[in-house]
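Asks: when you get a sec, could you give me coordinates for this:
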Amino acid sequence: MHRIGLIGCGWFAPFHLKAISQLDDRVHLIWVADPKIDNASRIGKEAGVRVLSDYKSGLKDVDSVIIIVPHNLHHLITIDCLKAGKNVLLEKPLANTLAEADEMIATADRAKLTLMVAYPHRYRKSMQKFKQLIEMGHYGSLITLDGLMDESLQGYALDWLSKRDTLGGGVYFSSSPHMLDVMLWIAGPVRFVSMVGTRGGIAMEGEDTAASIIKFKSGVIGITRHTWASPKSNIWYTMRAQCQKAWLTLTTTPDGDLFKQGASCLWKTQITKLDKENETVIYESDEGLDLKPEVSHFLDCVETGATPQTDGRKARQLIEMIQFAYRQAESSGANV
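Replies: Numbering: from 1, shown residues only. The predicted model follows:
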C-alpha cells in the first residue's frame, strides 16, 4: 500500500481527497499539512487522518506527497520533499521561473524519483476520447484548436492569486495551461506563440483575461481565451477542433456553483460533431474535474519507474512558452 501525504489544505484539497478515496486499494493517506492549522484540521477531519502544521515532520512516514500550495512555494517545498526521498505530484505550474524549474528537475533526476505536475484535463476519459476522435482521421486532418475557459471569480477573496510574485503572472500563467497542455498533447511542438491580456474587473496585479494564438510545427493553429472575470461561469471548459470534414467540440460545465460546492459539484460533459448535415452528440458523461485518472497515473509511474506524461520537462516547456509570450506582449504594450 502506497503511503502519501498531502501538503496544502485550501479550496482544491478536497478534489485530491476524493481521488485518493477512490483509490483506497492502492494508496493510503497518512497525514495532511498546512501552516494554517484551521485549514489542516478541517481537511484532516474530513479525511480522518493526522494533522500537521509542518510537512517536514511527517516526511519520514510517507512514500510520496501531493503538493497544493501557492506557486511561489512550489520550488522550496518540492526540493525539500525530493531531498527527503519522496516522489512528488505537484499542482501546476512546476515553478514561477525557469531557474527554479531546472533545479527541481535536476534534483528529481539525481534522486531517481518521480516528479509529476498536475495537468488533469489530458487524463480525463472525455479528453482521451476527444483526442482519439481527432487522431482516427475519419474527420480529416486537424486545422485549428480553440480553447475557452470561462470562470467567475468576482466577489471571491483571491489572497495570493492577486499578486504577481506569488502567482507568477496572471490568468495566462496560472490557469490557461489547462488548455495549452492539451493543445501541445494533441498538436505537438510549438513554432510561435503570442498573447494579449487585460483586466476585466478582478482586483489583481496581473491580467484576469487573456487570449493567445499559437502556430504549431504540425501546421495546426491554436487559439485560447480565458477569463476569471466572467459575470457567470456558463461554459467552464471548452475545446473545439476544426477538422477538414467536421467540427468536434468538447464542453465541460459545472451543474452548480463550482467555487462554492467544490468537489461535490455535479458536472455535464459532452462531445458534439458538426458537419455539413447536422450537429450530433457523440459522447456524454457526468465526468467533471475528476482527479482519479491523474493520481492513478502518478502511482503507476512511481511503481514502474515510467516517465509521467506531464513530467517536469513537459511542465518546463509550458513555462518557457508562456514566458516568451509574456515578454513579447509586455514589450509591445499588449498586456497589463
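Asks: and residue 111, what is it in contact with?
Replies: With contacts defined as Cβ atoms under 8 Å, 6 or more residues apart in numbering, the neighbours of residue 111 are 82-83, 85. Using the backbone N, CA and C atoms, a C-beta is placed for each residue, glycine as well.
Asks: please redo it, this time with the cut-off set to 10 Å
Replies: Residue 111 makes contact with 82-87, according to Cβ atoms under 10 Å, 6 or more residues apart in numbering.
Asks: farthest pair within the residues you listed?
Replies: Using Cβ to Cβ, the contacts of residue 111 span at most 12.6 Å, a distance reached by 83 and 87.
Asks: mutual contacts of these two, please.
Replies: With Cβ under 10 Å, 6+ apart as the test, residue 83 and residue 87 both reach 111, 113.
Asks: between the two, which one's more packed in?
Replies: More crowded of residue 83 and residue 87, by other Cβ atoms under 10 Å: residue 87, with 24 against 13.
Asks: could you double-check that that one lies in contact with residue 67?
Replies: No - the criterion here is Cβ atoms under 10 Å, and residue 87 misses it with residue 67 at 11.1 Å.
Asks: could you name every residue contacting both of these two?
Replies: residue 81.
Asks: can you put the contacts of residue 111 in CSV and add pLDDT, distance to residue 13 and secondary structure?
Replies: Output for the contacts of residue 111, formatted as CSV (pLDDT from 0 to 100; distance: Cβ to Cβ, whole Å; DSSP: H, G, I helix; E, B strand; the rest coil):
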residue, pLDDT, distance to residue 13, secondary structure
82, 98, 21, helix
83, 98, 24, helix
84, 98, 21, coil
85, 98, 24, coil
86, 98, 18, coil
87, 98, 19, strand
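Asks: tell me the one of those residues nearest residue 202?
Replies: residue 82 (34.2 Å).
Asks: residues contacting the closest one?
Replies: For residue 82, the contacting residues are 65, 88, 103-111, 113-115, by Cβ under 10 Å, 6+ apart.
Asks: among these, which are in strands?
Replies: Counted as lying in strands by DSSP state E, out of those, are 65, 88, 115.
Asks: any idea how far the last one lies from residue 143?
Replies: Using Cβ to Cβ, to the nearest Å, one obtains 35 Å as the distance from residue 115 to residue 143.
Asks: next: the second one.
Replies: Between residue 88 and residue 143 the computed distance is 38 Å (Cβ to Cβ).
Asks: repeat for residue 20
Replies: Distance, residue 20 to residue 143, by Cβ to Cβ: 40 Å.
Asks: more neighbours: the two, which one.
Replies: Comparing residue 20 with residue 143 by other Cβ under 10 Å, the one with more neighbours is residue 20, at 22 against 13.
Asks: the more buried one should be in a helix, yeah?
Replies: Yes - under DSSP: H, G, I helix; E, B strand; the rest coil, residue 20 falls within a helix.
Asks: strands along the stretch 101-250 of the chain, start to end?
Replies: In order along the chain, the stretch 101-250 of the chain carries the following strands (DSSP state E, counting those that start in this stretch): 115-118, 142-150, 190-198, 209-216, 221-227, 237-243, 247-254.
Asks: gap between the fifth one and the chain center?
Replies: In terms of Cα atoms, centre = their mean, to the nearest Å, the centre of strand 221-227 is found 16 Å from the chain centre.
Asks: likewise for the first one?
Replies: In terms of Cα atoms, centre = their mean, the centre of strand 115-118 is set 10 Å apart from its chain centre.
Asks: just the strands of the stretch 101-250 of the chain: most buried one?
Replies: Most buried of the strands of the stretch 101-250 of the chain by mean neighbour count (mean count of other Cβ atoms under 10 Å) is strand 115-118; its value is a mean of 26.
Asks: what pLDDT, on average, does that one get?
Replies: Computed over strand 115-118, the mean pLDDT rounds to 98.
Asks: counting by contacts, list what that strand packs against.
Replies: Packing partners of strand 115-118 (3 or more Cβ pairs under 10 Å, 6 or more residues apart in numbering; DSSP states H and E): strand 64-67, helix 74-83, strand 87-91, helix 98-111, helix 292-304, helix 312-331.
Asks: helix or strand: which one has residue 261?
Replies: Assigned by DSSP states H and E, residue 261 belongs to helix 258-261.
Asks: who does the helix or strand following that helix pair up with?
Replies: Next along the chain after helix 258-261, taking DSSP H and E as the criterion, comes strand 267-274. Its sheet considered, strand 267-274 pairs with strand 247-254 (antiparallel), strand 279-285 (antiparallel) by DSSP bridges.
Asks: could those go into CSV alongside distance to residue 209 and mean pLDDT?
Replies: Shown next, in CSV, are the strands paired with strand 267-274 (distance: least, Cβ to Cβ, whole Å; pLDDT from 0 to 100):
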stretch, distance to residue 209, mean pLDDT
strand 247-254, 19, 94
strand 279-285, 28, 95
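Asks: adding distance to residue 13 as columns, could you present those strands in a markdown table?
Replies: Supplementary listing: those in a markdown table, determined by distance: least, Cβ to Cβ, whole Å:
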| stretch | distance to residue 13 |
| --- | --- |
| strand 247-254 | 18 |
| strand 279-285 | 24 |
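Asks: now for those strands, which one comes closest to residue 236?
Replies: strand 247-254 (5.5 Å).
Asks: what sits against the most centrally placed residue in the chain?
Replies: Centroid-nearest residue in the chain, with Cα atoms, centre = their mean: residue 119, separated by 3.5 Å. Taking Cβ under 10 Å, 6+ apart, we find residue 119 in contact with 91-93, 177-178, 180-182, 184-185, 294, 308-310, 314-315, 318.
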